[in-house]
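[1] This is a predicted model, with the sequence first.
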Amino acid sequence: MPLWWWPKPTAECFRHKRVFSWGIFSHPFSALTASVQSDYSSGDEKLDVSPDNEDTRKRSRSLSSDNVVRTLRCLKMNPAVAFAYFQDTESIGFHHDFSTYSEIIHILSHSQKGKMLVSLFCEIISPTGSRGPEIMPLIYHLRENCATCHTFSFACNCLIKAHTMCHDVSLTIEMFSHLLSHGYVPSTWACNFVLKFVAQSSDSEMVITVYDQMKCSQLTLDAHSLSIVTRSLCQGKKADKAFQVWVEMIEMGVKPDAHAYSSFIIYLCGCGKYDLANAVLQKGSREGFQIEAMAYNKVIDGLCKEMKLDEAEKVMKKKTEQGYAPDVHGHSYLIRSYCKAGDLEKAWVHIEAILSCGIGINCHIVSYLLQGFRQLGWTDEITAQFHKFKDSGLHLDGILYNIAIDAYCKFGEMNEAVKLLKEMMAKDLAPDKIHYTCLVNGYCLKGDIENARQVFEQMLNSNIKPDIVTYNILISGYSRSGLAMEVFDLLEHMIDQGVEPNSLTYGVVIDGFCRAGYLREAVSLFNAVKENGIDNIDVLYSAMVCGYLHSGKIDLAYRLFLSVARQGHFVDHFSCSKLISHLCRDGNVKDASTVFSMMLEKNDVPDLISYTMLISAYCKSGDMDNARLWFHSLVEQGLSADVIVYTVLMNGYCRSGRLKEACELFSQMTSDVINPINPDVVAYTVLLDGQLKETLELRWQGITKESRSFLLRAKQKYILSSMKNLGIEPDVICYTVLIDGQCKAECLEEARELFDEMLQKGLTPDVYTYTALLDGYYSQGEIAKAEDLLQEMKDKGMKPDELIFSLLKQKTLRSQKVQLCL
């Protein structure tokens, strides 16, 4: 190879050193070397790229490690040529050793030829390769001999990248840790490269391990590092840890930018941590960053899902203050949640906000609105608004049609429902099983089983497969109509279609049979299913208990309840509550208490209504001690007693002649520090009645009429004054008690004044009010006034029942006898 092919400094070096014969340079290089060397050739001088194999082997044997090292050093100013030479010497059979590898690594590191160095490292560390010495001694040698720490760091960066290409996460992390322990200080880019590789290849626990190592080594991280770690943790559903890392890194001096804030907010929302996301959003906003609109919408959506609507409104306001134009997303989230909460007024505010910006509403927003109407039971409003939006030209989807069809079905207007279904089909909107199921349910609610069956068959003919809900609705309709054979045929059809009847299906059948009066069929089905076995058999037991109660078989329902409990099963909360209600109404407080106790043993706390019924039953039986015990149980279970249960207990005390305890309970109710309860007119009426009974008892204790009358008026005046202070007006029943009290105290003038006051207030006396005043007149011998009042009563279409009329007649005769004797 002619000497002038090489740059002058290299050629001069070769002349003075004489390290190889001219023949060596006649060896052809690779195509890469040839392309590089062509820059140094002149005229027609080109390399021969077709060497003789025998000549190649001879030249390989003439090379030595020292010669190769010296050649590489001479080529260090041209690292690409040096690397090509390094590869070519290997291709002709030369085996590189530690010294040649060290030299080429040093050259490539110093010149920052990253691709070449990564390629070299991959060849050394590849699990499938067998060339080259151990990598770590080469790195140690480089560290000891490189001129700058930057060269060493560059080489380590390339080695890490090569490791990610050739090895898994654990080996890469092991290599990274090894380099750190030997003085390697990776750049922020290198740290992020490792973090990203670990995050993409492993779980969040490994990412945290690497992050903690970097933190302990006091390496420099940036906003990108923060995003990598927090994204990985949030993807692993470890949002709390992600937030902890976020706070740590900010304390370490990392300054996230607007994109980092926005990304982290979106990650937190993806984990359902909407409060944390909102806190980060508020922090970023205070720092003056322009948080992305999507992040705002994600937070609004999340807060709306948790029904934290005031907070969502604040975020919406902040978004507007940041200069973002209104969009349909944020408003639609608020509309959805306000409709769900039944606050349609606020939902309309956001609908108007969208319309005022010229955005327009879509079918999703309309569906939220109609579902809000459905939740409030405003069925007529659903149909009215549906037609209003349809006439406006808004595109209506299948969901909206379904809501409107369901509304008509609940109205019983099946013709309108079918009309909508046909209209929908004419618009190329294919009905699904939900639409057909609504129609089936509508016809079943009307008892029109024949049309329900026809819709079901139309559904099958349209190749729409009914689900368990559709079958259960139709089965319920059949069973309530007593169509036992049709029920069993439909059950068989279900199984043929691959829809397995479940315990709810059989429960629906049993309930329907019992409601229709077919208890025998219900019991037969119950026994057959129980014998064959079924999952969730408790549903079946619950249905049978309710079935017995529907049929008036309270004793059978209670016995089944006990039998089920002894087998380790338990009927559901609804069935237990219903059983308690029937037992209490039947006066069987002992068995009702047993059901209560067993529910509490199962940690199934009865509701306030059930407690009230049991307490009322004990009060009616005169067992006030047990009534008070169950009242204490109510409070111990964490339920809040209301004015009704207090009134029931006070009434029990009054009926038992224990007015003092009733008054103490009234005081406890109104003066409770934690949960004071305002009494209603019924509570005051109970106290008035109790005061009347106590005053009447004084008659037998030698107290004069005047004293009794004075005491009664004083107590009534106090109670009425208390009612007035609370803005509570006496009702018909309250006036009746007051009038009865005055009559029994022989104060007929006051009684008549109360009666007239009642009329002046626009209240209409009932038969009991008239009877109380009549009783007073007859008792005091005021026969004429009594007859006038009785005639007035008859003129208004009222008359006392036979028992009251008999008593009044007796008092009339007694009064007439007294007058004759006088």
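    It's in. Numbering: from 1, shown residues only.
[2] Tell me which stretches of the stretch 701-822 of the chain form strands.
    Assigned by DSSP state E, counting those that start in this stretch, the stretch 701-822 of the chain shows no strands.
[3] what residue ranges in it score low on pLDDT?
    For the stretch 701-822 of the chain, applying pLDDT under 70 flags the ranges 701-703, 705, 708, 800-822.
[4] now do 80
    701-716, 744-747, 779-780, 799-822 (pLDDT under 80).
[5] which strands and helices sit next to the helix or strand that Lys530 is a member of?
    Here Lys530, judged by DSSP states H and E, is contained in helix 519-532. Judged by 3 or more C-beta pairs under 8 Å, 6 or more residues apart in numbering; DSSP states H and E, helix 519-532 is in contact with helix 503-515, helix 537-550. For glycine as for every other residue, the C-beta is placed from the backbone atoms N, C-alpha and C.
[6] out of those helices, nearest to Ile473?
    Closest approach to Ile473 among those is made by helix 503-515 (8.3 Å; C-beta to C-beta).
[7] tell me the angle that closest one makes with helix 537-550.
    Relative orientation of helix 503-515 versus helix 537-550 (axes from the mean of the first three to the mean of the last three C-alpha atoms, to 10 degrees): 10 degrees.
[8] And the contacts of helix 503-515?
    Around helix 503-515, the neighbours that count as contacts under C-beta atoms under 8 Å, 6 or more residues apart in numbering are 468, 471-472, 475-480, 482, 484, 487, 491, 494, 519, 521-522, 525-526, 529, 534-540, 542-544, 546-548, 550-551.
[9] Please apply the same query to stretch 543-553.
    By C-beta under 8 Å, 6+ apart, stretch 543-553 touches 506-508, 510-511, 513-515, 517, 519, 522-523, 526, 554, 556-557, 560-561, 564, 571, 574-575, 578-579, 582.
[10] List only those of those residues flagged as buried.
    506-508, 510-511, 513-515, 519, 522-523, 526, 554, 556-557, 560-561, 564, 571, 575, 578-579, 582 (16 or more other C-beta atoms under 10 Å).
[11] just to revisit the earlier point, quick one: buried ones out of the contacts of helix 503-515?
    With burial judged by 16+ other C-beta under 10 Å, the buried subset of the contacts of helix 503-515 is 471-472, 475-480, 484, 487, 491, 494, 519, 521-522, 525-526, 529, 534, 537-540, 542-544, 546-548, 550-551.
[12] Apart from its chain neighbours, what residue comes closest to Glu292?
    Nearest non-adjacent residue to Glu292, counting by C-beta to C-beta, 6 or more residues apart in numbering: Ser262, 3.8 Å away.
[13] Could I get the pLDDT score of His178?
    According to the prediction, His178 has pLDDT 84.
[14] just checking, next helix/strand downstream of the helix or strand containing it?
    His178 belongs to helix 169-181 when elements are defined using DSSP H and E. Downstream of helix 169-181, the next assigned helix or strand under DSSP H and E is helix 188-201.
[15] Taking helix 169-181 as reference, get the angle to that next one.
    Angle, helix 188-201 to helix 169-181, by the same axes, to 10 degrees: 160 degrees.
[16] how about helix 188-201: buried residues?
    Result for helix 188-201 [16+ other C-beta under 10 Å]: buried residues Ala190, Cys191, Asn192, Phe193, Val194, Leu195, Lys196, Phe197, Val198, Ala199.
[17] what packs against the helix or strand just after it?
    Downstream of helix 188-201, the first helix or strand assigned by DSSP H and E is helix 204-216. Applying 3+ C-beta pairs under 8 Å, 6+ apart, one finds that helix 204-216 contacts helix 169-181, helix 188-201, helix 223-235, helix 239-251.
[18] wait, which of those helices is closest to Asn78?
    The closest of the helices and strands packed on helix 204-216 to Asn78 is helix 188-201. By C-beta to C-beta, the value is 26.9 Å.
[19] any residues touching that closest one, and which ones?
    Residues from elsewhere that reach helix 188-201 (C-beta under 8 Å, 6+ apart): 153, 156-157, 160-161, 164, 168-169, 172-173, 176, 186, 206-207, 210-211, 214, 219-222, 224-225, 228-229, 231-232.
[20] 6 Å instead?
    For helix 188-201, contacts defined as C-beta atoms under 6 Å, 6 or more residues apart in numbering pick out 157, 164, 169, 176, 206-207, 210, 214, 219-222, 224-225, 228, 232.
[21] now that helix, how far from the chain's geometric center?
    35 Å (C-alpha atoms, centre = their mean, to the nearest Å).
[22] Just the CA atoms of that helix, as CSV, please.
    Coordinates of each C-alpha in helix 188-201 appear next as CSV, following Å, rounded to 0.1, in the frame of the first residue of the first chain:
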residue,chain,number,x,y,z
THR,A,188,-29.4,12.6,33.8
TRP,A,189,-29.8,11.2,30.3
ALA,A,190,-28.3,7.9,31.4
CYS,A,191,-30.5,7.8,34.6
ASN,A,192,-33.6,8.3,32.5
PHE,A,193,-32.5,5.7,30.0
VAL,A,194,-32.2,3.1,32.7
LEU,A,195,-35.5,4.1,34.4
LYS,A,196,-37.3,4.0,31.1
PHE,A,197,-35.9,0.6,30.2
VAL,A,198,-36.8,-0.8,33.6
ALA,A,199,-40.3,0.7,33.5
GLN,A,200,-41.0,-0.8,30.0
SER,A,201,-39.6,-4.2,30.9
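[23] Mean confidence (pLDDT) on that helix, please.
    88.
[24] again, but for stretch 654-661
    87.
[25] Equivalent analysis for stretch 212-222, please.
    Rounded mean pLDDT across stretch 212-222 is 87.
[26] Show me which positions of that stretch end up buried.
    Buried residues in stretch 212-222, counted by 16+ other C-beta under 10 Å: Met214, Leu219, Leu221, Asp222.
[27] secondary structure class for the second one?
    At Leu219, secondary structure determined by DSSP: H, G, I helix; E, B strand; the rest coil is coil.
[28] That one - nearest residue in space that isn't next to it in sequence?
    Leu219 sits nearest to Cys191 (C-beta to C-beta, 6+ apart), 5.5 Å away.
[29] swap in the last one?
    Counting by C-beta to C-beta, 6+ apart, the nearest residue to Asp222 once its immediate chain neighbours are dropped is Thr188, at 5.2 Å.
[30] Next, work out how far apart that neighbour and Gln200 are.
    Distance, Thr188 to Gln200, using C-beta to C-beta, to the nearest Å: 18 Å.
[31] residue contacts, Asn536?
    Ser503.
[32] Show the backbone phi and psi for it.
    In terms of degrees, to the nearest 10, the main-chain angles of Asn536 are phi 50, psi 50.
[33] Per-residue pLDDT of it, please?
    83.
[34] roughly how far apart are it and Ile609?
    Per C-beta to C-beta, Asn536 is found 26 Å from Ile609.
[35] Now for the buried residues of helix 188-201: which two are most distant?
    Across those (C-beta to C-beta), the longest gap, 14.8 Å, separates Ala190 and Ala199.
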